[in-house]
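Peer 1: turn this into a structure:
(2 chains)
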Amino acid sequence: MKISVNTEIAITYLSSRKKQTLVAALGVMFGVSMFIFMQSLMKGTNDYFEKMSFNTTPHIRLYSENKVADAHMLGNYLKDSSVKILTNPKQLVQRQGIINPYGIIQQISKNPQVANITPQVTAGVIYTSSGVQLTGTVSGVNIVQEDRMFDVQGNMVTGDLHDLDRINNSILIGHGIAEKLSLHVGDNITVTSGNGSPMIMKVIGIYASGVKQIDETKSYANIVQAQNLLGKDRSYVTDIKINLKDYNNAPEVAREFEAITGYKAEDWVQANSQLKVAFKIRAMILNSVVGVILLVAGFGIYNILNMTIYEKIKEIAILKATGFSGRSVISIFLQQAIYIGMAGAAIGIMLGFLITLGFSHVYIGSGGSGSPTPFGSLQYIPMSFYVPHYIEAIVFGILTTIAAGYFPARKASRVDPVTIIRG
Amino acid sequence: MAETALKANSITKYFHDPVDMPVLKNISLEVKKGEFVSIVGKSGCGKSTLLYVLSTMDRDYEGSLEINGEPVTGKPLNDLARIRNSSIGFVFQFHYLLPDFTCLKNVMIPALRLGKLSYKEVEEKAYEKLKMFGVEEQALKKANKLSGGEQQRVAIARALINDPAIIMGDEPTGNLDSKNTGIVFDLFQKLSKEFGQTLITVTHDGDFAKRSDRIIEMADGEIMSHG
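Peer 2: Numbers count the residues shown, from 1 in each chain, chains lettered A, B, ... in the order given. Reported below is the predicted structural model:
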């Protein structure tokens, strides 16, 4: 391979000041590895929380939302184009639940994006056991479909969830409810809904989702059981839960379903808006920290090259006198910066990977008391190994060094050989 | 009559700091190919300034300059760098070798920059030049490990590597003892006589000047005698 004379000079300069070169490269290495570590931690955590949210939230939830009266009907009646303003509009009294839910399910199932779809009846209830009362909700579900969408099986502590379909008046309760009411599998519990009669149900299992709020309130029952509990007929469904093949499409698909059905379709992004805000803020914090690290590394390179140029100003002058153009001088010094950047980035991605690997083995589980899965399924620090992070880190690392190297290089190129050589 | 190597037409130059002051006043000068010219004069008479103007490094002057019949006044920096690289060799009072490189590499760098020969050929040629100046044994030593006389000889070898038409020296023997001065002078003469290269040197050394082909005397920014 033919190395250009600029490259040769750049490399000689670097190798004749090994210590400074090393320090500069270490700066870049530190920046790059921190970038990778922080990105991996953030993505790991975000992915984990996203996954957690899908343990309880479907990608899209279709439900009937109360509406506020608008001037639509008045417009129909008056048949003119005047602007109508309703003062003090009221909530419209509507039939609760979704009309013709199975028709809607059938229609929506045709959409090729849909992976799973299941109806649900949600009932606000009061659990009573030996005189102690606890408020909560019963989700009437098809447990097989529910398990497919939310991995209920994975959260089971005791019992068999399929007993919901086999045993009449059976209920699958949360770990928190079992604790508070001191219930075990096989015990009976009285469940009262707002507008139905009290019902005695048999505990066939206990689950723990890891989310305290859910474990202390939510129970599963067969959908028919829940309809009975509310005193409603078999066509009564409050929610339709839909999982898509790719959850990233949820917002668009939700708008589509809203248009088709006329019901509110809430996608997981809306349902977890606080999660998204947290993601955003975390990304901002992380990016500013990484930015500062790279900036510091950049200043390191800037300083070292600046010092080199002061030290070598006579040599630069003589190079120019013997026929090196300004462009060649820029190339010599910019190349030094780039080699420092590449070396730093190369070690940095390795170190970043090792740090990430190391942290992914740090055990943080079993912190809560008594709960079988204190942080849900979280036992180790969630770290992601995501190739684009490494590519980004290399790009940012090298860009920083180029930016930091350019200004000293330009200064070197402007050295006037006459003033330097004549002294 | 020999061809013209370098021709300067009414060159005038000012120093602007602290006030505008003329240092070169309407200087015209012609140097033939193969001539060995010395420029002499008192300190501050403008002889070095003239040399840097002739070298194309100093571009802040009025008048015009031709090198090998090619006008160079007003050319862009990169073109001038190329002209210096291929047609002009420099020897300064101080050697200005690059201390991080070996002597051989120091000599090779301008030729590598020119890029006309392969690396191997450049290496051979550089070694030849070092041999010519009797410093071939120092070829692989770092430049800062040599004695002053040896360093200056390496610097001259560097000036010659691209076989430049013109060699310019700014007090090339100013830092050398009489023995080394003699060596350098003999070399210069050999270059002029045997290789037909043009030499323009600025010097304080009267003996050195006397032995050259022509002496140009300067005083107060003007040429008193073309020799």
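
Peer 1: tell me the pLDDT of residue 83.
Peer 2: Using chain A here. Reading off the confidence values, A:V83 has pLDDT 84.

Peer 1: my bad, the chain I had in mind was chain B
Peer 2: 89.

Peer 1: interface residues of chain A facing chain B?
Peer 2: A:2, A:5, A:8-9, A:12-13, A:16, A:314-315, A:317-328, A:417-418, A:421-422 (C-beta under 8 Å from any C-beta of the partner chain). Heads up, the C-betas are built off the backbone N, CA and C, glycines and all.

Peer 1: may I see the PyMOL selection of the buried members of those?
Peer 2: Selection of buried members from the residues of chain A next to chain B for PyMOL, criterion 16 or more other C-beta atoms under 10 Å in any protein chain shown:
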select buried, chain A and resi 5+8+9+13+314+315+317+318+319+320+321+322+323+324+325+326+328+417+418+421+422
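
Peer 1: narrow the residues of chain A next to chain B to those in helices?
Peer 2: A:5, A:8-9, A:12-13, A:16, A:314-315, A:317-321, A:326-328, A:417-418, A:421-422 (DSSP state H).

Peer 1: so in chain B, which helix runs the longest?
Peer 2: Per DSSP H, chain B has its longest helix at helix B:178-194.

Peer 1: tell me which residue in chain A sits closest to chain B.
Peer 2: A:G323 (2.3 Å; C-beta to the nearest C-beta).

Peer 1: now that residue: how far from B:N78?
Peer 2: 10 Å (C-beta to C-beta, to the nearest Å).

Peer 1: and if you look at A:Y13?
Peer 2: From A:Y13 to B:N78 the distance is 22 Å (C-beta to C-beta).

Peer 1: what are the ranges of the strands in the chain?
Peer 2: All of this refers to chain A. Assigned by DSSP state E, chain A shows strands spanning A:60-63, A:114-129, A:132-141, A:156-159, A:170-174, A:188-193, A:199-207, A:218-222, A:239-244, A:264-267, A:374-377.

Peer 1: meant chain B, my bad for not saying
Peer 2: B:4-15, B:21-32, B:36-41, B:62-67, B:70-71, B:88-91, B:166-170, B:198-202, B:214-219, B:222-225.

Peer 1: residues making contact with the fifth one?
Peer 2: The contact list for strand B:70-71, computed with C-beta atoms under 8 Å, 6 or more residues apart in numbering or on different chains, reads B:S64, B:L65, B:I83.

Peer 1: would you list the buried entries among those residues?
Peer 2: Of these, these count as buried by 16+ other C-beta under 10 Å: B:L65, B:I83.

Peer 1: adding distance to chain A as columns, could you present the contacts of strand B:70-71 in JSON lines?
Peer 2: As requested, the contacts of strand B:70-71 are exported to JSON lines (distance: C-beta to the nearest C-beta, whole Å):
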{"residue": "B:S64", "distance to chain A": "19"}
{"residue": "B:L65", "distance to chain A": "15"}
{"residue": "B:I83", "distance to chain A": "8"}
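
Peer 1: check contacts around the closest residue to chain A within chain B.
Peer 2: Nearest residue of chain B to chain A, counting by C-beta to the nearest C-beta: B:N85, 2.3 Å away. Each residue near B:N85 by C-beta under 8 Å, 6+ apart is listed here: A:T322, A:G323, A:F324, B:P110, B:R113, B:L114, B:N162.

Peer 1: hmm, B:Q197 is touching B:M168, no?
Peer 2: No. Using C-beta atoms under 8 Å, B:Q197 makes no contact with B:M168, being 11.0 Å away.

Peer 1: ok, those two, which is more surrounded?
Peer 2: When neighbours are counted by other C-beta atoms under 10 Å in any protein chain shown, B:M168 comes out ahead of the other of B:Q197 and B:M168, with 25 against 22.
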